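Novice: prediction below, plus the sequence it came from.
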Amino acid sequence: MGILNKGVWVIATLGCSQCPAAESIPGKVSGAWVFKDTRMPVSIVFGNLEAGATIEEIMESFHLEREPIVTVLEFAARSLDAPSILPSAPLVHTHP
């Protein structure tokens, strides 16, 4: 799952496994993150929002309820605010 930020997809720092509206089941839609109890990929929301669709249009086009869409969007927003895990080894800087 990710959010488009200045033309670059930013991957959420928390796994979707913590999002109550999404699930990933091996063998179901190739293990993609989908809305719970559906085969609808969560990524469909982000792609359609990027293309200018409203939540209402997404609900109508993909037969989704508002609550899981909003839950996924709120989860993605919160996960971007989560502190990043720092590497255990120091970063090495090279000079030209």
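Specialist: Alright, I've got the coordinates.
Novice: quick one: the strands in this structure, in order.
Specialist: Secondary structure of the chain by DSSP state E: the strands cover 2-5, 8-11, 22-23, 34-35.
Novice: what about stretch 28-46, start to end distance?
Specialist: For stretch 28-46, the first-to-last residue distance is 20 Å (C-alpha to C-alpha, to the nearest Å).
Novice: check stretch 18-36 too.
Specialist: This stretch, stretch 18-36, spans 12 Å end to end (C-alpha to C-alpha).
Novice: could I get the buried residue list for it?
Specialist: Going by neighbour count (16 or more other C-beta atoms under 10 Å), the buried part of stretch 18-36 is 19, 21, 22, 23, 32, 33, 34, 35. Just so you know, the C-beta spots here come from the backbone N, C-alpha and C atoms, and that holds for glycine as well.
Novice: next, format these as CSV and append pLDDT.
Specialist: Below are these laid out as CSV (pLDDT from 0 to 100):
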residue, pLDDT
19, 82
21, 87
22, 87
23, 85
32, 81
33, 85
34, 88
35, 91
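Novice: and residue 37, how many residues sit next to it?
Specialist: When neighbours are defined as other C-beta atoms under 10 Å, residue 37 has 9 of them.
Novice: which helix runs longest in the protein?
Specialist: helix 66-81 (DSSP state H).
Novice: thought residue 24 was touching residue 31?
Specialist: Yes. Between residue 24 and residue 31 there is a contact at 5.5 Å, judged by C-beta atoms under 8 Å.
Novice: before I go, just wanted to say thanks for your time.
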